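Peer 1: generate a structure from the sequence data that follows.
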Amino acid sequence: MVNLIPGFTAKTFQYTHPTDGEITIAYQMAGNGPPLLLLHGFPQTKIIWHAIAPELAKNFTVIASDLRGYGESSKPSSTDDHDSYSKRSMAGDQVALMASLGFAQFALVGHDRGGRVAHRLAMDHPQAVSKLMVLDICPTLSMYEQTSMVFAKGYYHWFFLIQPHPIPEKMIGADVRFFMNQYMGNRYAGQDVFLDACWDEYIHAMENPACLHAMCEDYRAAAGIDLIRDRADRESGKKLTMPLRVLWGAKGLVNACFDPLLDWGKVALDVSGKALDCGHYIPEESPAELLHEIRTFFTTEGKSNDSVI
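Peer 2: Residues are numbered from 1 along each chain as shown. Next up, the predicted model:
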């Protein structure tokens with residue numbers, strides 16, 4: 001199933017990863033101007049940007065890609081340490097994609113898991129990212145270290161998906177629609193916020209056993225090898241140096257359980273941001289406000305006046 005963002009062209013990029021072999025990254029592209037890479041989250045695909053990408057293409061060359069393991073991108077075999085789905089490996093795919101398009105440096109927006117990939121991409125390839133925006137996340141290490149009962153109950157999938165293969169794969173795979181209705185449909189905005197075509201694409205992707213396994217591997221990596229690398233950054237004092245804009249949903253658990261600006265201030269030097277009047281799925285719940293934020297942040301010098309540290 002392929003859902004095209006209006007006015008965009010569907011393409012694929014192939015390259016040879018040093019340890020994982022041939023990797024294909026599916027993406028859609030349109031527009032003119034400075035390059036802007038958009039990365040989606042779990043359990044979604046590049047189509048999450050459908051409401052804002054056409055407008056962004058009036059000012060930017062917009063690339064919306066499927067992360068490794070998701071949508072139409074490759075789903076390589078996993079390893080015991082889950083490094084094939086580490087944020088370093090997933091980020092490397094995106095750097096290679098952008099380089100193939102002639103973009104040595106680009107603006108970057110990531111929602112949910114895409115935000116975690118974007119965080120690692122900016123840490124590993126700081127010269128490649130002019131500005132960074134992350135949506136409704138705090139750093140992975142901060143969230144695990146500050147886990148409370150409220151967070152664990154609301155983000156139960158963080159602890160379910162990391163269970164050994166094939167426990168979550170078998171249980172979710174037995175009734176994907178039930179899981180999706182409970183997991184996504186019961187959040188703040190409900191299921192109606194998602195277009196039928198988008199919802200069908202998210203279901204279709206998760207019904208693919210290889211995709212479902214890859215999603216679990218993404219979370220297993222996040223609870224293992226990704227934390228090792230995050231701790232190494234912390235211990236060495238390494239921080240993000242490019243301007244970072246953090247947006248989160250006022251109705252979501254990130255807002256209820258964490259302090260995004262404080263947490264991001266521990267890993268970045270130049271942070272601003274605020275809560276939006278929505279839940280977790282910002283690109284689909286609050287597209288007009290997100291569009292304004294992206295245009296303002298990526299086309300102006302300096303930072304916004306609100307919530308700056």
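Peer 1: next up, the contacts around the closest residue to residue 275 other than its chain neighbours.
Peer 2: Spatial nearest neighbour of residue 275, excluding adjacent residues (Cβ to Cβ, 6 or more residues apart in numbering): residue 250 at 4.1 Å. For every residue, glycine as well, the C-beta is placed using N, CA and C. By Cβ atoms under 8 Å, 6 or more residues apart in numbering, residue 250 lies in contact with 275, 276, 277, 278.
Peer 1: pull the distance from stretch 66-86 to the chain's centre.
Peer 2: 14 Å (Cα atoms, centre = their mean, to the nearest Å).
Peer 1: wait, what's in contact with residue 165?
Peer 2: Neighbouring residues of residue 165 by Cβ under 8 Å, 6+ apart: 78, 213, 216.
Peer 1: for residue 31, same thing?
Peer 2: With contact set as Cβ under 8 Å, 6+ apart, residue 31 has these partners: 56, 57, 58, 59, 60, 61, 62.
Peer 1: wait, residue 173 sits on residue 211?
Peer 2: No. Using Cβ atoms under 8 Å, residue 173 is not in contact with residue 211, being 10.4 Å away.
Peer 1: mind listing the helices for the stretch 1-150 of the chain?
Peer 2: 53-56, 87-100, 113-124, 140-145, 149-154 (DSSP state H, counting those that start in this stretch).
Peer 1: CSV for those, including mean pLDDT?
Peer 2: Formatted as CSV, those follow (pLDDT from 0 to 100):
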stretch, mean pLDDT
helix 53-56, 98
helix 87-100, 98
helix 113-124, 98
helix 140-145, 98
helix 149-154, 96
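Peer 1: list the contacts for residue 69?
Peer 2: Going by Cβ under 8 Å, 6+ apart, the list of residues near residue 69 reads 75, 76, 85, 90, 211, 214, 215, 217, 218.
Peer 1: in space, what's closest to it - neighbours in sequence excluded?
Peer 2: residue 214 (3.0 Å).
Peer 1: gap between that neighbour and residue 43?
Peer 2: Distance of residue 214 to residue 43, computed by Cβ to Cβ, to the nearest Å: 10 Å.
Peer 1: what touches both of those two?
Peer 2: residue 70.
Peer 1: picking that back up, make a markdown table from the contacts of residue 69 and add distance to residue 169 to it.
Peer 2: Formatted as a markdown table, those follow (distance: Cβ to Cβ, whole Å):
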| residue | distance to residue 169 |
| --- | --- |
| 75 | 12 |
| 76 | 16 |
| 85 | 14 |
| 90 | 19 |
| 211 | 10 |
| 214 | 10 |
| 215 | 9 |
| 217 | 10 |
| 218 | 13 |
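Peer 1: look at residue 173 and residue 211 and report which has more neighbours.
Peer 2: Using other Cβ atoms under 10 Å, the more surrounded residue of residue 173 and residue 211 is residue 211, with 21 against 16.
Peer 1: elements contacting the helix or strand hosting that one?
Peer 2: Element membership for residue 211 (DSSP states H and E) is helix 209-222. With contacts taken as 3 or more Cβ pairs under 8 Å, 6 or more residues apart in numbering; DSSP states H and E, helix 209-222 sits against helix 87-100, helix 157-160, helix 167-173, helix 196-206.
Peer 1: how far does the next helix or strand after that helix sit from the chain's center?
Peer 2: Counting by DSSP H and E, the element after helix 209-222 in chain order, helix or strand, is helix 225-236. Centroid displacement of helix 225-236 relative to its chain, using Cα atoms, centre = their mean, is 19 Å.
Peer 1: which is the succeeding secondary structure element to helix 225-236?
Peer 2: Next along the chain after helix 225-236, taking DSSP H and E as the criterion, comes strand 244-249.
Peer 1: before we move on, the earlier item: show me what the helix holding residue 211 is in contact with.
Peer 2: By Cβ under 8 Å, 6+ apart, the surrounding residues in contact with helix 209-222 are 42-43, 67-71, 75, 78, 82-87, 90, 113, 116, 140, 157-158, 161-162, 165-166, 168-169, 172-173, 176, 205-206.
Peer 1: check stretch 173-193 too.
Peer 2: Residues from elsewhere that reach stretch 173-193 (Cβ under 8 Å, 6+ apart): 43, 157, 172, 194, 199, 202-203, 206-207, 209, 212, 249, 251-252, 278-281, 284-285.
Peer 1: out of the residues you listed, which end up buried?
Peer 2: Among the contacts of stretch 173-193, those buried by neighbour count (16 or more other Cβ atoms under 10 Å) are 43, 157, 172, 194, 199, 202-203, 206, 212, 249, 251-252, 278-281, 284-285.
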